[in-house]
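> predicted coordinates and the sequence they were generated for:
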Amino acid sequence: MAHSRSAKKRIRVNQTKALRNRMIKSALKTTIKRFEVAVEAGNKEEATVNFRNVVKALDMAASKNVLHKNKAARKKSRLASKLNAM
């Protein structure tokens, strides 16, 4: 257990950041799942709209350092190739 005031504050800050990261990751996974469901169904229009949302969510997660920027770029590339293969 932390004893100093700064260590206690650090624990609180880490908990709030972890919660924020978990929320962003969960929302990201949901948008990716929607895109993949649309691709599996063969719905090109819905997949295109969902792809834009996925790109936006990935860029936002990378800008907030929830994901590494290269991982976000790799994920976007792989999802774009799925969309183009339709």
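Sure, I can see it.
> any idea how many residues pack against the closest residue to Asn21 other than its chain neighbours?
Of all residues not flanking Asn21 in the chain, Val66 sits nearest, at 5.0 Å (CB to CB, 6 or more residues apart in numbering). (Each C-beta comes from the backbone N, C-alpha and C, glycine too.) If you count neighbours by other CB atoms under 10 Å, Val66 ends up with 18.
> Val66 in helix, strand or coil?
Classification of Val66 by DSSP: H, G, I helix; E, B strand; the rest coil places it in coil.
> for it, phi and psi?
The phi and psi values for Val66, taken as degrees, to the nearest 10, are phi -80, psi -40.
> where does the most centrally placed residue in the chain land in three-state SS?
Geometric centre of the chain, nearest residue: Leu28, 3.3 Å, by CA atoms, centre = their mean. Taking three-state DSSP as the rule, one finds Leu28 in the helix state.
> how much space between it and Lys71?
11 Å (CB to CB, to the nearest Å).
> can you give me the helices for this structure?
5-41, 44-63, 69-84 (DSSP state H).
> out of the ones you listed, deepest packed?
helix 44-63 (a mean of 16; mean count of other CB atoms under 10 Å).
> TSV for the helices of the chain, including mean pLDDT?
Shown next, in TSV, are the helices of the chain (pLDDT from 0 to 100):
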stretch	mean pLDDT
helix 5-41	96
helix 44-63	96
helix 69-84	97
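> dump the residue contacts of the residue nearest to the centre of the chain.
54, 57-58, 61, 66-67 (CB atoms under 8 Å, 6 or more residues apart in numbering).
> looking at those, spot the one nearest Glu45.
Val54 (15.0 Å; CB to CB).
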